[in-house]
Structures are given as structure tokens and as C-alpha cells.
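[1] Sequence first, then the predicted structure, then my questions.
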Amino acid sequence: YYICRFQVPGEMEAEIAEAGGADSLLRRIFSFRTPGPLFLPKGQWYKDLPPYPSWLPEEEAAYYRDTFNKTGFTGGLNYYRAFNLNWEITAPWTGAQVKVPVKFIVGDLDLTYHMPG
């Protein structure tokens with residue numbers, strides 16, 4: 001499961017760099033069209049990369065790619081590394097309900113739509 005791959009600081013960052021940096025990861029994420037969880041098998045996920053999707057202009061892809069190549073992915077990966085801390089911090093709200101109207105919008109190929117559990 002992809003979240004498990006993110007737990008050791010520096011490990012996924014090194015794999016992203018070895019795979020060609022931000023371009024490889026962003027192509028995989030933005031082009032993912034398989035219903036179900038995203039799997040990133042070690043040493044395999046960056047092979048046979050698809051092109052960026054047609055809805056993402058090259059200049060926007062370049063912006064994201066260049067920015068992530070400068071700043072890295074550690075900040076985003078740290079979100080997943082802090083899951084246990086987040087559970088501790090939000091413990092007082094366990095069982096709390098949202099009491100205002102809300103709307104959840106998701107596409108039929110969105111990763112969260114097909115996520116088990």
C-alpha cells in the first residue's frame with residue numbers, strides 16, 4: 001500500500017530522485033486511470049510512464065515538475081508520516097459529527113472513490 005512506502009524518511013524521496021524526479025511521479029499520478037488504490041511497487045512504478053493527460057497543458061506540467069524538483073516531496077510525504085500523531089491530536093473529536101450541510105464531489109475514477117474501507 002502506497003502509504004506504507006512513505007513511512008521511512010528519505011526512502012521514498014531517494015526513489016523519486018532515482019526514478020527521474022518529479023516528472024516521473026507526476027506523470028504516474030496525473031495519468032492514473034485504473035479504479036482502485038494506487039500502488040507504487042518498489043523499483044517498478046516509474047517504468048513505462050504514460051504522457052501527461054490532455055487536460056494538463058505542458059506549461060502547467062512544467063510548473064509543477066520544476067517546483068517539485070526544487071522543493072522536493074518531503075513536506076507532502078510528512079503528512080502520511082504523521083498519521084499516528086494526527087490521530088492523537090484529533091482524539092478529542094472522536095465520534096464528532098458534522099452538523100452543517102456538506103457536499104462531497106468526486107469523479108468515478110478518483111482514487112478516493114474506489115478506496116477500500
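    Cool, the structure landed.
[2] tell me which helix or strand of the protein sits lowest on mean pLDDT?
    helix 2-5 (a mean of 80; mean pLDDT, DSSP states H and E).
[3] buried stuff in it?
    R5 (16 or more other Cβ atoms under 10 Å). (Each C-beta comes from the backbone N, C-alpha and C, glycine too.)
[4] moving C-terminal of that helix, what's the next helix or strand?
    helix 11-18 (DSSP states H and E).
[5] Return the distance of the helix or strand following that following helix from the chain's centre.
    Per DSSP H and E, the first helix or strand lying C-terminal to helix 11-18 is helix 22-30. Computed by Cα atoms, centre = their mean, to the nearest Å, the chain-centroid distance of helix 22-30 equals 10 Å.
[6] And stretch 68-75, by the same measure?
    That offset, for stretch 68-75, works out to 13 Å (Cα atoms, centre = their mean).
[7] Dump that stretch to PDB, restricted to CA.
    The C-alpha trace of stretch 68-75 is given here as PDB (Å, rounded to 0.1, in the frame of the first residue of the first chain):
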ATOM      1  CA  PHE A  68       8.700  19.900  -7.000                       C
ATOM      2  CA  ASN A  69      12.200  19.300  -8.400                       C
ATOM      3  CA  LYS A  70      13.300  22.400  -6.400                       C
ATOM      4  CA  THR A  71      11.400  21.800  -3.200                       C
ATOM      5  CA  GLY A  72      11.000  18.000  -3.100                       C
ATOM      6  CA  PHE A  73       8.200  15.900  -1.800                       C
ATOM      7  CA  THR A  74       9.200  15.700   1.800                       C
ATOM      8  CA  GLY A  75       6.500  18.100   3.000                       C
END
